[in-house]
Structure formats: C-alpha cells, structure tokens
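Enquirer: Give me a 3D structure for the following:
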Amino acid sequence: MQFTTLRRRRTPTVIIVALIDVLIVVLIFLMVTTTFKQQPALKLALPESNQTNKTGATPNAIIVTITKKGVLYFKTDPVTGDALQRNLVAAMRANPETTVAIRADTEAPLGQEVKVLDAAKAAKIKSVSLSVRSGATP
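Expert: As a prediction, the model looks like this:
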C-alpha cells in the first residue's frame, strides 16, 4: 500500500510592490485631473467705476464680449455685427425678458460698442448694461 503524503498548498503571495505602483499611478492621475483651473477664454481689462451697482448679472442676461481688437463674441462664439443682430432677435423671440450685458475691454473700439447697442435696439431689447470692475471707493 502506498501512502501519499499530503503536501500543504502554498498560500498565494500578494506582491505588495506592484500594488503600491498601481496605487501611486492612480493617485497621480487623480491629482493631475482635479487640479485643472478654469481659465477664461478671453482676457479682458474691464474699465473701473466707483459708482458700480452691486446687483450682479440677471440670470437671463446675454453676454456680448468685445475684445481689444474689436472682435465681437455672442456668449462664447465670435460673430459679426449682422450675426449678432440675428442672434439677439432670436433670443428676444425665445424670451421677451432678455437683457444684454456688454463686456468690453478698456481699449476696445467705441464703434463696436455702438454696433452692439444698435443690434440690441433693433432686436427691441429693453435693458442693456455694461460690465465694469468696481474701483476703489474714495
């Protein structure tokens, strides 16, 4: 009779070094993806005013941006004067309580600001405001 000796099975080993490497890679990935800072697409130097109204923008305000070079942006899309007027008319049809907020750089051409005002008037928008930085109070 042949008796076999029962061999004890070796318990599987977990390689801790590989797990630590994977953990570090995941940690680095999370750190890199969560620290992205939202940068505005356009950098404007808004004019300062000591007499600013602290009410803030209304929720249904459409922001029209004018850069230093005179480029018009409807919300975030660059537009021409005619396209701006069409967009404002369409926005006014969708919501009659629409207002326009103009964000113009301090060195933006005045003609572009007048163009935006004319487009808002042609679209029959009742309220147009200018965005400014609040200056130091004297």
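Enquirer: Spell out the residue ranges of the strands in this protein.
Expert: 48-49, 61-66, 72-74, 77-79, 99-104, 127-130, 133-134 (DSSP state E).
Enquirer: so can I have a markdown table of these showing mean pLDDT and distance to residue 116?
Expert: Backbone N, C-alpha and C define where each C-beta goes, glycine included. As requested, these are exported to a markdown table (pLDDT from 0 to 100; distance: least, Cβ to Cβ, whole Å):
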| stretch | mean pLDDT | distance to residue 116 |
| --- | --- | --- |
| strand 48-49 | 66 | 18 |
| strand 61-66 | 88 | 5 |
| strand 72-74 | 91 | 7 |
| strand 77-79 | 90 | 10 |
| strand 99-104 | 88 | 6 |
| strand 127-130 | 84 | 8 |
| strand 133-134 | 64 | 19 |
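Enquirer: Between those, which one is closest to residue 34.
Expert: Nearest to residue 34 among the strands of the chain is strand 61-66; the distance by Cβ to Cβ comes to 27.9 Å.
Enquirer: hang on, the earlier thing: would you list the strands of the chain in TSV and tack on distance to residue 28 and mean neighbour count?
Expert: TSV is the format used below for the strands of the chain (distance: least, Cβ to Cβ, whole Å; neighbours: other Cβ atoms under 10 Å):
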stretch	distance to residue 28	mean neighbour count
strand 48-49	42	12
strand 61-66	37	21
strand 72-74	36	21
strand 77-79	36	13
strand 99-104	38	20
strand 127-130	45	15
strand 133-134	38	12
